[in-house]
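S.K.: This is the structure alone, sequence omitted:
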């Protein structure tokens, strides 16, 4: 097995290459990259699977996420799943 460590620009490019650049914002991909890099440091090497990431995570406004899951607050969403803040209105959350 050959393992290659990639940086943020290659990570972003992988989403464009797989025609998934619309799934996450430019800023969102950076937040997601930082999270996945941290997880891979804790768990060992990780295979980059753009499609799986797009199935596992969603970027949306907080209001949209709460409406999708019929929840009353961001805290309630955080009790149910993993949430990353992109900015004051936008989050990336792990689908559940």
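M.R.: Received the coordinates, thanks. Predicted, not measured: the structure shown is a model, and the values here were computed from it.

S.K.: ok, now how distant is residue 73 from residue 65?
M.R.: 11 Å (C-beta to C-beta, to the nearest Å). C-beta here means a position set from N, CA and C on the backbone, and glycine is covered the same way.

S.K.: Comparing these two, which shows the higher neighbour count?
M.R.: Neighbour comparison, residue 73 and residue 65: the larger count goes to residue 65, with 20 against 10 (by other C-beta atoms under 10 Å).

S.K.: Tell me which residues are up against the helix or strand hosting that one.
M.R.: Assigned by DSSP states H and E, residue 65 belongs to helix 62-69. Applying C-beta atoms under 8 Å, 6 or more residues apart in numbering, the external contacts of helix 62-69 come out as 58, 60, 71-74, 76-77, 80, 89-91, 93.

S.K.: Spit out the contact partners of the residue nearest to the spatial centre of the chain.
M.R.: Relative to the mean C-alpha position of the chain, the nearest C-alpha, by C-alpha atoms, centre = their mean, is the one of residue 32, at 4.2 Å. By C-beta under 8 Å, 6+ apart, the contact set of residue 32 is 24, 53, 57, 84, 92.
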